[in-house]
Every structure is written in structure tokens, then in C-alpha cells.
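> turn this into a structure:
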Amino acid sequence: MEDPRLIRMRQLVDEVNEHAYRYYVMDDPIISDAQWDKLFDELRDLEKETGTVLPDSPSLRVGGTILEAFTPHTHLGPLWSMDKAKTREEVEVWAARAEKLWAAFNEDAVEKLPPIRYTVEYKYDGLTINLTYREGKLAQAATRGNGRTGEAILEQVRTIPTVPLSVPCMDTFEVQGEGIMRLSRLEEYNKTAQEPLKNARNGAAGALRNLDPGETARRKLDIFCYNVGYYEGQPPYRTYAEMTAFLQENRFPVGEFFCPCDDLNQVMAVIEQIDGARAELDYLIDGAVIKIDDLRTREILGHTDRFPRWALAYKFSAEEMTTVVETITWEVGRTGKLTPLAHVAPVELAGATVKRATLNNFGDIQRKKVRLGGKVWIRRSNEVIPEIMGGVEDAEYPGEEVLPPEVCPACGTALEEIGANLFCPNSLSCPPQLIWRMVHFASREAMDIETFSIKTAELLFKERNVRQVADLYALKAEDLVGLEGFAEKKAQRLLDELEKSKTRPLSNFLHALGIPGVGRKTARDLAEHFGSLEGLMQADAQELEQIDEIGGVIAQNIVGFFADGHIRNGIERLLAAGVAPVHEAVKKAQDNFFTGKTCVLTGTLSELKRDEAKALIEQAGGKAVGSVSKKTDYVIAGEEAGSKLDKALQLGVTVLSEAEFLQKIGYLGK
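Model (predicted):
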């Protein structure tokens with residue numbers, strides 16, 4: 001009679017794997033984290049008690065014994081590399097060659113090949129993984145190696161939560177996928193890592209080619225599967241689309257983008273769309289993969305010595321590059337924090353010439369081992385200026401240590417070191433602090449003074465002795481006319497904008513004040529809770545901590561901010577100048593269309609700025625997030641909506657046009 005504990009273990013393994021699949025791959029959990037933990041803990045206890053671990057147990061994902069060395073693994077089927085193209089002309093040459101072979105075969109064949117159709121998908125930038133399955137279980141995993149033989153990395157791959165340890169298909173087959181590290185995970189990992197990772201690609205490759213599976217588990221990798229490279233017997237699919245469906249039926253996470261195309265014009269349009277939207281993705285892609293859809297056509301076209309004739313990798317301009325740090329300058333922000341800016345040897349990155357790259361603080365310089373005259377990795381992100389990911393050890397560019405400044409580069413005040421940051425404590429007269437406070441006060445998310453720019457702030461500071469934001473409301477036309485770029489019309493427009501800003505919502509005004517730790521959401525929460533500026537200024541820390549998501553540190557920041565005599569004087573001057581922030585009570589949204597719903601905005605809206613649309617959703621009781629998943633209720637699509645719209649359509653998420661959104665939110669116009 002079989003041990004009842006083993007029967008229970010089999011049940012638990014199946015149940016926990018099912019819930020893991022729903023959570024990690026489908027993004028559609030049906031139990032809480034606490035319930036999952038309870039099932040997992042019961043399984044671990046039974047494994048310890050019996051001394052048995054089933055081959056597809058989720059406990060194998062944790063990462064255990066450190067390995068002594070990698071062992072070679074021979075793939076059942078070859079893993080081909082792909083020929084590459086960077087221009088439309090190169091794509092056309094590849095397609096013409098394939099079509100010529102297709103036509104030559106069809107000329108004499110009894111069973112003709114179907115017309116050529118293409119598919120386009122992301123070219124993920126990580127490490128290729130080959131997964132081998134036998135009798136429904138993950139039997140081996142390996143790196144690509146030379147395409148015939150790779151390194152066995154089964155223990156490491158088991159730690160990837162999206163890799164299925166068991167599948168419904170009982171045949172022997174191999175699946176290829178790309179192991180990746182999400183950019184959000186890279187950022188999270190680097191916050192606590194003793195040695196930060198230079199980029200997500202290295203993060204994935206280093207985790208998989210690491211003898212310690214525990215380190216692989218800590219990096220929380222993902223995988224996107226895109227090909228069945230070997231199938232013993234007759235495969236249950238005839239086209240690439242059917243192969244993708246087979247992968248999904250067997251619980252493999254497939255790529256997030258897949259587009260069939262009838263001709264090269266469609267192919268190139270899709271590639272252009274991918275290139276334009278890739279900055280929004282949470283992982284690296286370095287191009288697009290074009291494939292011929294029909295598998296029999298692929299078989300007839302065959303391979304060269306190195307490449308399949310039925311696939312082509314279209315490479316985008318690089319988003320990561322190495323260069324040399326020439327100098328580092330320090331910029332002072334509105335809070336007095338100094339931010340280092342690296343001036344680097346010019347390099348082409350993502351289609352632009354890069355001469356500068358950002359760093360967070362002096363601690364960042366030390367952690368990333370950045371040296372003057374040394375090489376560094378830089379990466380394009382959503383920011384205008386790329387960021388430095390880390391130093392590169394290169395004997396030709398040893399560089400020299402970067403020393404921290406001792407005094408403020410703007411006003412000469414001795415600096416203070418707080419944690420990893422350097423601060424100028426001269427908040428009352430340090431020029432860049434005063435200028436950037438004005439810029440922040442006038443910004444779109446704050447008082448929304450449209451014609452006000454950093455150049456305007458600098459002019460007013462230098463030429464008209466404007467030092468505080470309250471000084472802006474004392475300006476007259478004669479103060480502005482004659483300044484560089486200011487004729488009568490522009491001067492009057494700025495004065496009109498200043499007048500309009502006097503009755504901005506209270507939440508905007510609170511955000512504009514620049515209270516440490518108080519962003520737009522916290523400002524809205526404070527406005528909703530207190531209903532007036534006076535009420536907030538009189539609040540103590542205990543009352544503030546009663547508000548959701550306001551902890552002790554932010555509460556003390558708020559109390560300390562309003563206790564500062566200089567700040568109170570500035571607020572009194574603003575009120576005396578006629579600034580009267582209006583509290584617009586948020587309509588209780590029990591019956592609102594968006595109450596409790598998760599929304600994603602994509603594309604360009606004609607009636608509203610994106611921040612305004614986001615605020616309306618939140619005021620209506622909804623939540624605006626940045627990425628589309630199965631948990632998304634609505635995607636609001638404006639003009640030129642990109643990959644987020646495509647993913648919404650793939651997942652069956654409801655898509656609203658801008659007009660539908662405005663109607664349902666009850667927007668009546670500005």
C-alpha cells in the first residue's frame with residue numbers, strides 16, 4: 001500500500017504548481033499569498049519527514065546545494081543562430097532569397113507549399129535556454145553553447161518560477177526560450193546588492209551561469225519561450241502559430257508580442273511600431289525576429305551552415321554601450337541634494353549621440369566603481385539622459401578615484417553628508433535651489449503655469465531679483481518686457497497664467513510647496529483628509545499618521561515643514577497675493593464606472609494631459625497603472641497607441657477610446 005504521505009505530496013505538488021502557473025504566467029491568482037504559503041509549507045514538511053522530493057516539486061525552485069562545476073549537455077536538436085539585418089533593404093534581400101527557393105520547389109512539387117506568410121515577435125535580450133521534457137517532466141535544461149552542446153543548468157533553471165516543472169504532453173521534446181531579468185527587478189536587486197549588476201542581460205546570464213542556484217533564485221528571473229526545437233515523433237502542429245498554441249497549452253510562458261503579417265510592408269510597419277514602443281517595456285529587447293509561419297516551408301528552405309533560411313533577426317540601434325568617463329560635474333536641486341552628472345566620450349546609443357550620463361549620488365559612484373578616465377556601461381532608459389550601470393575593468397582605461405566635493409559648487413557652502421547623498425544646507429540663498437523651487441512650483445503637476453520654464457526662472461532670478469515663489473505674483477508687465485525673449489504679448493501671457501494659477505486645487509498647491517516626501521498622491525490624500533490649508537498646517541504627527549500610507553517619517557516631515565518660520569512667511573505672502581487654493585471634494589464614487597477598476601493609459605490624448613486623466617481615474621475611485629496584465633480592467637487608448645494596446649487586445653482587456661473614457665468619467669471640458 002502506497003504511503004499516504006506520498007499521495008498527499010503528489011496532490012500538493014500538483015496544486016501548488018497549478019497556483020504558481022496562474023500567478024506567474026497567467027497573472028490570475030485564485031488564492032491569497034497566505035494560502036499559497038500554507039500549502040507550500042505543508043509540502044516542505046512532508047518532504048523533510050519522508051526524505052523524498054518529487055521531480056516536479058516547487059521546493060526545487062528555491063535553490064539548494066552549490067554545484068562544483070558545469071557539465072556538458074548535448075542537445076537533442078540543434079539550436080541555430082540567426083542571420084541579422086539592420087535595414088529594410090537587407091530584409092528584402094533575405095525575403096527574395098526565400099521566395100526564390102519557395103518558387104523553385106513549387107514549380108515541380110505535387111503538394112505545393114502555401115503562400116509565404118510571416119510572423120514578427122520581440123527579440124529578447126537575455127540568455128538562451130534549452131528545456132528538455134520527458135514523460136511530462138522537466139528532465140534537463142542547458143545553455144545554447146555552440147548550438148550542439150551546451151552546459152547543463154537544470155538546478156538554476158528550476159528556480160525560475162515561470163518554467164513549468166511538469167507539462168501535460170508526455171512525449172520527448174525540447175523548448176527554447178530566453179531567460180531574462182526584468183528592469184524593475186534589476187532596479188530592486190541593485191538597491192541592496194553589495195555589487196550592483198551593470199545591466200539586465202548580464203543579470204540573467206550571470207544568474208544562469210552561476211554554480212550557486214540560490215543566487216539564481218535571488219535574481220527572480222523570467223523566461224519567454226518561442227520555439228520547439230526538437231519533437232520525437234510527429235509534432236501536433238503545422239504552423240508557427242499552432243506551435244505557439246502548443247506551448248501555451250503546456251503552460252509555457254510565450255512572448256508578449258506575436259504578429260502575423262501577409263507581406264513585407266506589414267512586417268516593416270510592425271518592426272517600426274516595436275522600435276517606437278520598446279522604451280515602455282520592463283525588459284530588454286534588441287530587435288525583432290521575422291519568421292516564415294509554415295513549418296513545412298521552413299523544412300524545405302532548410303539551413304545554411306550557420307543560419308536557418310526561414311528566420312531573420314532585425315537588430316535595433318544599441319540601447320547599451322561602453323564609453324569613457326571624461327569628467328563629473330555636480331548639479332544642485334531644489335532640496336539642496338547634489339547629483340553627479342558624468343560627461344562621457346561621445347558614443348552612438350539608440351540612434352543618438354550620447355555625451356552625458358546620470359548617476360544618483362556619491363554613494364552610487366562608489367557602488368558602481370565609476371572612475372575618472374575609466375570605462376563604464378551606459379544604458380538608455382525612459383529618461384532623456386542615459387544612466388551609468390557600472391564600471392568596466394579594462395587595463396587600458398584604469399582611471400582614477402572620484403573624490404566627493406567638499407563645498408557647494410553653486411554657493412560655496414560646506415556640504416553635509418546624509419547617507420549616500422551630499423546636501424547643500426544653504427536653502428535660503430543657494431541660487432540653483434531657489435531657481436528649481438520656482439520651476440517645481442510652476443510645473444504641470446503643481447500650479448501648472450504653462451509659459452514658465454527653467455530659462456524664465458533663471459532670467460527672473462538674475463535680472464529681477466526674484467528669490468521666492470511669492471515674488472512671482474508681484475511681477476508687473478514692465479518687469480517682464482525687455483527681458484530676453486519677452487515682448488508685450490509673452491509678458492501678458494505669463495501674467496495671465498499666474499493669475500489663473502491662484503485658484504488651482506488644494507492638492508496641486510500642496511504638491512507645489514515641495515514638502516519633503518510628499519508627492520502628488522500624498523498631496524491629494526492630505527487635501528481630501530483636511531479639506532483646507534489651515535487644517536493641514538495645524539495638524540500634529542499623530543493625526544497625520546492616521547491617513548493611509550503616511551508613516552512616521554513623512555508625518556514628521558510635514559509637521560517640521562510647516563513649523564519653519566521662513567516657510568510660513570512664504571505661504572502667508574502667497575495668500576496675501578491672492579493665491580487661494582480650492583478644495584474640490586472628491587466625488588464619492590460607489591456608482592462610478594471606474595470605482596475599484598485598474599486602468600492603463602496609452603497613446604496621446606487630445607482633451608487631457610495624461611497626468612490629468614490619471615488624476616480623474618483616481619478621483620473616481622479607480623487605479624491608474626503603467627502596464628497591461630490580465631488584472632487590467634480597461635485600457636484607455638489615445639492616438640498612436642502602441643504595444644500596450646496590442647497586449648490588451650491579446651489578453652481580451654476592454655479598450656476604451658478617449659471619447660468613451662471622457663463620457664464615462666463625466667468629463668465636461670476645461
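> tell me the SS of Ser507?
The three-state assignment at Ser507 reads helix, by DSSP: H, G, I helix; E, B strand; the rest coil.
> for it, which residues are in contact?
For Ser507, the set of contacting residues under the criterion of C-beta atoms under 8 Å, 6 or more residues apart in numbering consists of Arg520, Ala523, Arg524, Leu526, Ala527, Glu528. Placement of C-beta: from N, CA and C, glycine included.
> if we use 10 Å, what do you get?
With contact taken as C-beta atoms under 10 Å, 6 or more residues apart in numbering, Ser507 is in contact with 445-446, 520-528, 581-584, 586, 615, 619.
> Lys291 now?
Contact criterion C-beta under 10 Å, 6+ apart gives 82, 117-121, 226-227, 240, 298, 308, 310-312 as the residues in contact with Lys291.
> quick revisit: can you select the buried ones from the contacts of Ser507 in ChimeraX?
With 16 or more other C-beta atoms under 10 Å as the burial test, the buried ones among those are selected in ChimeraX as follows:
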select :445,446,520,522,523,524,525,526,527,528,581,583,615,619
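> now do the contacts for Ser501.
441-442, 446-450, 452, 472-473, 508-509, 512, 579, 581.
> apply 7 Å and report the result again.
Met447, Asp448, Ile449 (C-beta atoms under 7 Å, 6 or more residues apart in numbering).
> burial measure for the last one, as a count.
Under the neighbour criterion other C-beta atoms under 10 Å, Ile449 is assigned a count of 24.
> and for the first one?
Taking other C-beta under 10 Å as the neighbour definition, Met447 ends up with a count of 25.
> next one: phi and psi at the residue lying closest to Met537 once chain neighbours are set aside?
The shortest distance from Met537 to any non-neighbouring residue, by C-beta to C-beta, 6 or more residues apart in numbering, is to Phe562 (4.7 Å). Reported as degrees, to the nearest 10, the phi and psi values for Phe562 are phi -80, psi -10.
> distance of Phe562 relative to Pro516?
Spatial separation of Phe562 from Pro516 under the definition C-beta to C-beta, to the nearest Å is 12 Å.
> those two - which one has more neighbours?
Neighbour tally, Phe562 and Pro516, criterion other C-beta under 10 Å: the higher count belongs to Phe562, 17 against 12.
> from the contacts of Lys291, which ones fall inside helices?
Counting by DSSP state H, the part of the contacts of Lys291 found in helices is Tyr240, Arg298.
> could you export the contacts of Lys291 to JSON lines, including columns for neighbour count?
As requested, those are arranged in JSON lines below (neighbours: other C-beta atoms under 10 Å):
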{"residue": "Met82", "neighbour count": "18"}
{"residue": "Arg117", "neighbour count": "18"}
{"residue": "Tyr118", "neighbour count": "24"}
{"residue": "Thr119", "neighbour count": "20"}
{"residue": "Val120", "neighbour count": "23"}
{"residue": "Glu121", "neighbour count": "22"}
{"residue": "Tyr226", "neighbour count": "25"}
{"residue": "Asn227", "neighbour count": "21"}
{"residue": "Tyr240", "neighbour count": "25"}
{"residue": "Arg298", "neighbour count": "19"}
{"residue": "Pro308", "neighbour count": "18"}
{"residue": "Trp310", "neighbour count": "26"}
{"residue": "Ala311", "neighbour count": "23"}
{"residue": "Leu312", "neighbour count": "26"}
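> report all helices and strands that the longest helix along the chain contacts.
Here the longest helix in the chain is taken by residue count, with DSSP H as the criterion, and it is helix 88-108. Taking 3 or more C-beta pairs under 7 Å, 6 or more residues apart in numbering; DSSP states H and E as the contact definition, the neighbouring helices and strands of helix 88-108 are helix 264-277, helix 295-301, strand 311-315.
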